[in-house]
Structures are given as structure tokens and as C-alpha cells.
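**Q** after the sequence you'll find the predicted model.
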Amino acid sequence: MKKIEVGAAIICRNSEILLTSRPEHQDMAGFWEFPGGKLEPGETVAQCLVREIAEELDVKIRVFDTIYMLEHEYPDKTVKLHFVRCQLETAQEPCPMEGQSAAWVSRDRLSDYRLLPADRPVADFLKFSCFHEQ
């Protein structure tokens, strides 16, 4: 089975967390997720997130610490996810560049969204965690 390593940004602003939808041309279209993407060879999780968020949302982020890690098995692959606390560098609003939607969501409303199966445990964790925004 194929194994993929992924960085996922937990971008906080005013007690809300950024979610993005999976666009129609991607696997699992219509689901919501924490933005990010696959690590390229030789790339750190932080480098991956800076690159992916710039490509997908046209904003710059600061990358802080990993707050959650998990492996999730889909029928065709295993995904190792690194969920990392991040912050926008400026007040610029994210601008989805790949046909996806974006939403700022309060922690207690994350589970109202149709999240990817691998992201659901993180939404539950965030609802009850006490980590602080920068």
C-alpha cells in the first residue's frame, strides 16, 4: 500500500481555524480539511506547509509546532499527517487558488463540516485542547 506524508496547517485567527474544501478535480471532492499537502522529497513539514499554503491560498504563514500526528488508512493508501500550528503573517485574507472554498470556523463548530476522515480526530482534539494562539 502506498504511504504518503502530509503537512496540515492549523491556522488560527481570532479564535477561529481555517478550513478548506477539496475541489471537484481532487480525490474526495467536497470534503473539508485543514489546508496543506504532500511533502516533497527532502522537504521538512514546515517547508511543505509554507509552499503549499502559498500555492493554494496565496498567503504567507509562520509555522510553529506540531500539535497532533496520526496515520490514517484509506482503501488505497496510508497517510501520515503532521498537524502544525500556524499563523498568517499579515492580515491578508486567504485567496483559494485551486477552486476550493475556505472558511474560518470556531473550534466548537469544526465537526459541523464534512471533514475528511483523517481530520475528524483533530477537530475533536481542537475542540477540547488548551493550546494558545500566537
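**A** Ah, there it is.
**Q** how much space between residue 129 and residue 121?
**A** 12 Å (Cβ to Cβ, to the nearest Å). For glycine as for every other residue, the C-beta is placed from the backbone atoms N, C-alpha and C.
**Q** same thing with residue 43?
**A** Distance from residue 43 to residue 121, by Cβ to Cβ: 25 Å.
**Q** kindly report the same for residue 127.
**A** Distance from residue 127 to residue 121, by Cβ to Cβ: 11 Å.
**Q** before we move on, what about residue 106?
**A** 18 Å.
**Q** quick one, which of the two is more surrounded?
**A** residue 121 (15 against 12; other Cβ atoms under 10 Å).
**Q** roughly how far apart are the nearest residue to the more buried one once chain neighbours are set aside and residue 77?
**A** Excluding its sequence neighbours, the residue lying closest to residue 121 (Cβ to Cβ, 6 or more residues apart in numbering) is residue 70, at 6.3 Å. To residue 77, residue 70 is 14 Å away according to Cβ to Cβ.
**Q** try residue 38
**A** Distance from residue 38 to residue 77, by Cβ to Cβ: 11 Å.
**Q** how about residues contacting the longest helix along the chain?
**A** Longest helix in the chain, counting residues (DSSP state H): helix 45-57. The contact list for helix 45-57 (Cβ atoms under 8 Å, 6 or more residues apart in numbering) reads 7-9, 11, 20, 35-40, 43, 59-61, 63, 66, 82, 84, 86, 94-98, 100, 102.
**Q** I appreciate the help and will end here.
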